[in-house]
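Need coordinates for the following:
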Amino acid sequence: MYRYYVLGTLALTYAFSVMDRQVMSILLEDLRAEFLLDDTQLGLLSGLAFALFYSVLGIPLARLADRSSRINIIAVCVAIWSVMTALCGAAQNFVQLFIGRVGVGVGEAGSSPPSHSMIADYFAPNERSLALAVLMMGASFGSLFGLVLGGFVAESYGWRMAFVAAGVPGLLLAAVLKISIREPVRGGLDAPATTASVARPQQMSFRDTLVALWRVRIYRWVTIAHIPATFAGYAIFAWLPTLYLRRFDMTQSEVGVLTGLLFLVAGIPGYLLGGFLGDRLGNRDPRWRVWLPAIAMGLAMPAYVCGLWAPTATIATVLIGIGHFLYQTSHGPSLAAIQNALAPQMRAQAVAFLFFFVNMIGLGLGPVLVGYVSDLAAPQFGDRSLSVAAVSVIKKLLGAVLGYLIATRAIHAAAHAAKP
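Reported below is the predicted structural model:
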């Protein structure tokens, strides 16, 4: 039962990280009024300011995690991002707020890669799709916490207190992680053939590690598919509350509750179904771990597009909820495909490199592009300019579908190569 406690605690840690990111999205209109910002600047705050150091620092921290205590790294990083989130509430201008968001990214850089690596050492290969899906469920709870907490606190006490309320609880979580989580044995649940190969990756240079990972076709194509997927996903997550505030007659707290529940109610079943099917079908044919994401992304795209143009908040929520449900089914199976394809002592670095590429492009540029296109479209489309901009990035999901389909061929080739 202890491993489920570890999984739940790591999922809670991921929830806190997403909460501290997502609280920004419900406060964008407040920040625009306070500092007289345009949508491009708001996109920089919600995207690039966080993603730049989050992506870059994730790699050296993951290399450290593959050699030392992963839980110590996670606990320290939780404390750092929590403090920096709270300090965002003290910002007096755009530059200070940008620096604060950079600090949040610095802290969060050391959380996810070690968490993925630890889960692979607590759960066997045939259990990892569901276990990683449970970890990723933290994003749905984090979105709910960030949007609801941020909306209510900002409406009652101002946007500065919303940052403080989101940041301070993380300090307690950091202490819980340090005290209660044990470091697992690396590769203890993997086949001997896999664990025998771990010595060499430990000694490899940064460049050699990247080259070795990129030569693994499964890893390469799943990473390539993730880039357009996260480009579209992060853009929607960052701008959806603002879109509701501009298009529909709703208060900040109402939008926080509605969009937070949307991410939770649609996201949790999506994560669980994807994880369950990824393990169930993937154990019969490992290609299902990437077939499922391809199918889900293809179906999510029209649901998102229709929802972004819906005339009422109710219709928009239903359609975007369907799209979000389908979108989230992809995470558990595809991440498990990566973990199962690699040696244990490369796994944290593999996740860090994956996050580097997808976050620099997806998280870093997705929200910025939406803001830039929205500014260009505003003279013609008014309050609907955000819908125009969001639809323009949703189309990127076609690239994700293609990448996952090519990854199925890589898995098939690897399975045949492994046969005697």
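
Against residue 405, how distant is residue 257?
Applying Cβ to Cβ, to the nearest Å, the value for residue 257 to residue 405 is 38 Å. (Glycine included, C-beta is placed from N, CA and C.)

Could you list the low-pLDDT ranges of the chain?
Scanning the chain for pLDDT under 70 picks out the ranges 190-206, 345, 414-420.

mind running it again at 50?
193-201 (pLDDT under 50).

Give me the secondary structure label for the spatially most central residue of it.
In the chain, the C-alpha nearest the mean C-alpha coordinate belongs to residue 139, at 6.9 Å (Cα atoms, centre = their mean). Three-state call for residue 139 (DSSP: H, G, I helix; E, B strand; the rest coil): helix.

what residues are up against it?
Counting by Cβ atoms under 8 Å, 6 or more residues apart in numbering, residue 139 makes contact with 14, 15, 18, 263, 267, 328.

So which residues of the stretch 201-350 of the chain form helices?
Counting by DSSP state H, counting those that start in this stretch, residue ranges of the helices within the stretch 201-350 of the chain are 206-215, 217-247, 252-282, 288-308, 313-328, 331-341, 347-358.

Tell me which of the ones you listed approaches residue 409 most closely.
Closest to residue 409 of these, according to Cβ to Cβ: helix 217-247, at 8.1 Å.

by how many degrees do that closest one and helix 206-215 diverge?
Put simply, helix 217-247 runs at 90 degrees to helix 206-215, going by axes from the mean of the first three to the mean of the last three Cα atoms, to 10 degrees.

circling back: mind putting the helices of the stretch 201-350 of the chain into CSV with mean neighbour count?
Below are those laid out as CSV (neighbours: other Cβ atoms under 10 Å):
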stretch, mean neighbour count
helix 206-215, 14
helix 217-247, 24
helix 252-282, 22
helix 288-308, 23
helix 313-328, 22
helix 331-341, 27
helix 347-358, 25
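
got those as a markdown table, with distance to residue 413 columns?
Output for the helices of the stretch 201-350 of the chain, formatted as a markdown table (distance: least, Cβ to Cβ, whole Å):
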| stretch | distance to residue 413 |
| --- | --- |
| helix 206-215 | 13 |
| helix 217-247 | 7 |
| helix 252-282 | 16 |
| helix 288-308 | 13 |
| helix 313-328 | 28 |
| helix 331-341 | 12 |
| helix 347-358 | 19 |
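
Quick one: closest of the ones you listed to residue 71.
Per Cβ to Cβ, nearest to residue 71 of the helices of the stretch 201-350 of the chain: helix 347-358, 12.2 Å.

now the helix or strand just after the closest one and helix 217-247, what's the angle there?
Downstream of helix 347-358, the first helix or strand assigned by DSSP states H and E is helix 364-381. Angle of helix 364-381 versus helix 217-247, following the same axes, to 10 degrees, is 40 degrees.
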